[in-house]
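Engineer: this one's structure only:
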């Protein structure tokens, strides 16, 4: 048989065994593209949040399903795309790589590294949008997430699995509270995810630098969607951060996610919605902005032991304009969260740092997220500050005050001074308790208000060098027994004698 005949025979054999496969693929064409959003015709069977493929290796995700067209947010350089380009579906829902490999890295909202440290090789993906765990899968929030900030840990405690809003005008220290909280988790075994939404790249670089300086990047993941990035990235960033946090929660670990900030997230969503011609609601925002944030924040919770016992704590940040708490987005997020920490500009500019307004701030989880020792101290502290504010306001109109009123005002001014705290210096809970105990029990009443900061610094050094056993007892017992209170009294009295001699 000739070689030609052999070849024909082989071809015929192959054709006899060939089974044709039919693959169905949806295709469409770009009708219009602008500001990171494309309108596509023809993708009739595409699902909500399904990824689609554009030319030049650019991907997108379908978010607006209409009768004759689909609204797609572009995940990449939308300037490469033009009207008439072909679009294909992928059959995959939008997801992000998760895992230990992300710790210490800076990524964009679709998982690409931004820190120049090489490729991230993760084996697992999590969907960016997911239904929040149901009530049956949750357990009460009763374990403290210490921020290291005296005013918060004592009066506005945050628990693991809680959603606590940080709210205030621009430049009053909202991000600083978040960074101090991240730094304080070094010894707490909490994985932190910091989501930067719509910020300048220089500002994000500054945050990374501060975390590195304070050795906090080793337990932190940063998801960055900068101001120069498309609106689509700013819209997806918080959901990406939440998905990464859920991975650790599902492993039975504790995670903390910070959204900085959700005002810019709503603005990015509004931009996308206006391009897609979605109907606007109150204040020209789309009516579904409440749903936008509620489905994100509801995913924060503490799972019960049957589901691993992990937790995801959320600290969303909202920027107000001229202290207006009653505008659309602040009222939305206040109603979704379990409390808020309100930072007041007047306090900030008067030198009170952190500028926390005790009257307007609240934690709806309350004392259940505090250790007993802190509860014992915090009850008196709140009372002293409340009385101080009322009496100080009254004293402005009267020069003739009795001794008891003067003493209360004096103690309140000292306690206010005691709650001031330097940036990037979170404090261990046992040190906070020892310090605040001395204040609420009157041991600082004979110290001049201007000397309180110096006294605090030197007293804390004294406790850490000479009273380590006492601090260890507070940390381990988590309550102030009579014996511990006697030792605290002796410690502060002994230190005051030596401190006043030095002065």
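Structural biologist: Arrived safely. Computed from a predicted model, the values in this text were never measured in an experiment.

Engineer: Leaving out chain neighbours, which residue sits closest to residue 57?
Structural biologist: Distances taken as C-beta to C-beta, 6 or more residues apart in numbering place residue 76 nearest to residue 57, at 7.7 Å, with adjacent residues excluded. Any C-beta I mention is one placed from the backbone N, CA and C, and that applies to glycine too.

Engineer: For residue 108, give me the backbone phi and psi.
Structural biologist: The phi/psi pair for residue 108 (degrees, to the nearest 10) reads phi -90, psi 170.

Engineer: quick one, what contacts it?
Structural biologist: Residue 108 is in contact with 114, 223-225, 229, 233, counting by C-beta atoms under 8 Å, 6 or more residues apart in numbering.

Engineer: Kindly recompute the last result at 10 Å.
Structural biologist: Residue 108 is in contact with 75, 96, 114, 223-226, 229, 233, 236-237, 240, counting by C-beta atoms under 10 Å, 6 or more residues apart in numbering.

Engineer: do residue 305 as well
Structural biologist: Counting by C-beta under 10 Å, 6+ apart, residue 305 touches 139, 252.

Engineer: try it again with 8 Å
Structural biologist: residue 139.

Engineer: Read off the pLDDT value for it.
Structural biologist: If you check residue 305, the pLDDT there is 95.

Engineer: Residue 281 now?
Structural biologist: 58.

Engineer: burial count for the residue nearest to residue 55 when sequence neighbours are not counted?
Structural biologist: Spatial nearest neighbour of residue 55, excluding adjacent residues (C-beta to C-beta, 6+ apart): residue 85 at 5.2 Å. By the criterion of other C-beta atoms under 10 Å, residue 85 has 17 neighbours.

Engineer: List phi and psi for residue 85.
Structural biologist: Here is the backbone geometry of residue 85 (degrees, to the nearest 10): phi -60, psi 150.

Engineer: And the residue nearest to residue 123 when sequence neighbours are not counted, how close does it get to residue 148?
Structural biologist: Computed as C-beta to C-beta, 6+ apart, the closest residue to residue 123 that is not its neighbour in sequence is residue 99, at 6.7 Å. Look at residue 99 and residue 148: by C-beta to C-beta, to the nearest Å, they are 28 Å apart.

Engineer: what's the answer for residue 385, then?
Structural biologist: Residue 385 is 20 Å from residue 148, by C-beta to C-beta.

Engineer: do the same with residue 193
Structural biologist: Taking C-beta to C-beta as the measure, residue 193 falls 18 Å from residue 148.

Engineer: who has more neighbours, those two?
Structural biologist: The neighbour count for residue 193 versus residue 148, taken as other C-beta under 10 Å, is higher for residue 193 (26 against 23).

Engineer: Could you pull up the mean pLDDT of the helix or strand hosting residue 313?
Structural biologist: Secondary structure assigned from DSSP states H and E places residue 313 in strand 311-319. If you average the pLDDT over strand 311-319, you get 97.

Engineer: if we can go back for a sec, quick one: contacts for the residue nearest to residue 123?
Structural biologist: 122-124, 247.

Engineer: Give the next helix or strand downstream of the longest helix along the chain.
Structural biologist: When the chain is parsed with DSSP state H, its longest helix is helix 372-395. Downstream of helix 372-395, the first helix or strand assigned by DSSP H and E is helix 403-418.

Engineer: for that following helix, packing partners?
Structural biologist: helix 372-395, helix 429-440, helix 452-466 (3 or more C-beta pairs under 8 Å, 6 or more residues apart in numbering; DSSP states H and E).

Engineer: isn't residue 439 right up against residue 416?
Structural biologist: No: using C-beta atoms under 8 Å, residue 439 makes no contact with residue 416, being 10.1 Å away.

Engineer: Between these two, which has more neighbouring residues?
Structural biologist: Higher neighbour count among residue 439 and residue 416: residue 439, with 25 against 20, using other C-beta under 10 Å.

Engineer: how close does that one get to residue 19?
Structural biologist: 82 Å.

Engineer: Okay, now the unreliable bits of the stretch 401-503 of the chain?
Structural biologist: Applying pLDDT under 70 to the stretch 401-503 of the chain flags the ranges 500-503.

Engineer: mind running it again at 80?
Structural biologist: Where the stretch 401-503 of the chain drops to pLDDT under 80, the residues are 401-408, 499-503.

Engineer: tell me the domain ranges of the protein?
Structural biologist: Domain assignment for the chain by automatic domain parsing gives 27-93, 97-370, 373-502.

Engineer: List the buried residues in stretch 248-262.
Structural biologist: 248-250, 253-262 (16 or more other C-beta atoms under 10 Å).

Engineer: Of those, which belong to helices?
Structural biologist: 248-250, 262.

Engineer: Mind picking the two most distant members of those residues?
Structural biologist: Farthest-apart pair in those is 250 and 262; separation 23.8 Å (C-beta to C-beta).

Engineer: Report pLDDT for the residue sitting nearest the centre point of the chain.
Structural biologist: With distances taken as C-alpha atoms, centre = their mean, residue 258 lies nearest the centre of the chain, 1.3 Å away. The per-residue pLDDT reported for residue 258 equals 98.

Engineer: That one and residue 164, how far apart?
Structural biologist: Relative to residue 164, and taking C-beta to C-beta, residue 258 is found at 10 Å.

Engineer: and for these two, which residues touch both?
Structural biologist: When contacts are counted by C-beta under 8 Å, 6+ apart, residue 258 and residue 164 have 314-315 as shared neighbours.

Engineer: Can you name the helix or strand that residue 74 falls in?
Structural biologist: Following DSSP H and E, one finds residue 74 within strand 70-75.

Engineer: Oh, that last question was meant for residue 475, not what I typed.
Structural biologist: Using DSSP H and E, residue 475 maps to helix 468-477.

Engineer: what's the next secondary structure element after that helix?
Structural biologist: Using DSSP H and E, the helix or strand that follows helix 468-477 in sequence is helix 482-502.

Engineer: List the contacts of that following helix.
Structural biologist: Contacts to helix 482-502, defined as C-beta under 8 Å, 6+ apart, come from residues 434, 437-438, 441, 443, 455, 458-459, 462-463, 466-467, 470, 473-474, 477, 480.

Engineer: how does it look with 6 Å?
Structural biologist: 437-438, 443, 459, 462, 467, 470, 473 (C-beta atoms under 6 Å, 6 or more residues apart in numbering).

Engineer: Which of those residues are buried? Put it as a ChimeraX command.
Structural biologist: Per 16+ other C-beta under 10 Å, the buried members of these correspond to this ChimeraX selection:
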select :437,438,443,459,462,467,470,473
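
Engineer: In a markdown table: the contacts of helix 482-502, plus distance to residue 401.
Structural biologist: Putting these into a markdown table (distance: C-beta to C-beta, whole Å) gives the following:
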| residue | distance to residue 401 |
| --- | --- |
| 437 | 27 |
| 438 | 25 |
| 443 | 23 |
| 459 | 30 |
| 462 | 35 |
| 467 | 37 |
| 470 | 37 |
| 473 | 40 |
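
Engineer: Just flag the most distant two among the contacts of helix 482-502.
Structural biologist: 443 and 473 (18.8 Å).

Engineer: Might one say that residue 260 is in contact with residue 319?
Structural biologist: No: Residue 260 lies out of contact with residue 319 (C-beta atoms under 6 Å); the separation is 9.6 Å.

Engineer: And the strands in the stretch 151-300 of the chain?
Structural biologist: Ranges of strands in the stretch 151-300 of the chain, per DSSP state E, counting those that start in this stretch, are 165-168, 190-197, 220-225, 254-260.

Engineer: out of these, which comes closest to residue 390?
Structural biologist: Comparing the strands of the stretch 151-300 of the chain against residue 390 with C-beta to C-beta, the closest turns out to be strand 165-168 (23.4 Å).

Engineer: helices or strands up against the closest one?
Structural biologist: On a contact count with 3 or more C-beta pairs under 6 Å, 6 or more residues apart in numbering; DSSP states H and E, strand 165-168 meets helix 174-184, strand 311-319, strand 339-343.
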